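S.K.: I'd like to go over a predicted model; first the sequence, then the structure.
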Amino acid sequence: MKIIEVKERPDALVNQLLAVWESSVRATHLFLSEEEIQMIKEYVPQALRDVPCLVLIENKKQVPVGFMGIANQHLEMLFIAQEQRGKGFGKALLQYGMDQYAIHDLAVNEQNPLAKGFYEKMGFEVYKRTECDEQGGPYPLLYMKRKGECI
């Protein structure tokens, strides 16, 4: 596995990461309808281009299998392709982000308990809950911070 910080974000790479995103969302965001996935998918490419720090992880074949976006020590996004889950890619990415970018907080969908458990194993704890997501959708968010950090 290889971790790469991405500066240039050509369409071909954005499309590869969009496929990773969709695979991950279909495996973990079972609370979203097909219509909602398609709607969100429309703005993911722009989010990938706009996030200040984009880091991807490749498998042995040099194919991106996951990525994360970071802004101001906040984990904006972390997605691992469905078929690559459970192989340590997410842990490697998040540890890299904590070591290199001092990630200290994140938000996760409450309806994604596997992600919440993953972040707890990585040293995060819930400090706040909202009834809606950041787009106003009916999806509660759990805001998490690294244990011992002040937010």
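M.R.: Looks like it came in fine. Numbers count the residues shown, from 1 in each chain.
S.K.: Apart from its chain neighbours, what residue comes closest to Glu36?
M.R.: Gly137 (7.7 Å; Cβ to Cβ, 6 or more residues apart in numbering). Every residue, glycine included, has its C-beta placed from N, CA and C.
S.K.: helix, strand or coil for the one you found?
M.R.: Secondary structure, DSSP: H, G, I helix; E, B strand; the rest coil: Gly137 is coil.
S.K.: Could I get the phi/psi values of it?
M.R.: phi -70, psi 160 (degrees, to the nearest 10).
S.K.: Assign the residue nearest to Pro138 when sequence neighbours are not counted to helix, strand or coil.
M.R.: Leaving aside its chain neighbours, Pro138 sits nearest to Cys132 (6.3 Å; criterion: Cβ to Cβ, 6+ apart). Classification of Cys132 using three-state DSSP returns coil.
S.K.: My guess is Cys132 contacts Asn109. True?
M.R.: No: under the criterion of Cβ atoms under 8 Å, Cys132 is not in contact with Asn109, lying 11.0 Å apart.
S.K.: Could I get the pLDDT score of the residue nearest to Pro138?
M.R.: Cys132 carries a pLDDT value of 92.
S.K.: burial count for it?
M.R.: Cys132 has 11 neighbours, counted by other Cβ atoms under 10 Å.
S.K.: for the one 5 residues further on, same thing?
M.R.: The burial metric for Gly137, expressed as a neighbour count using other Cβ under 10 Å, is 15.
S.K.: Now do the residue nearest to Pro138 against Tyr139, distance only.
M.R.: 7 Å (Cβ to Cβ, to the nearest Å).
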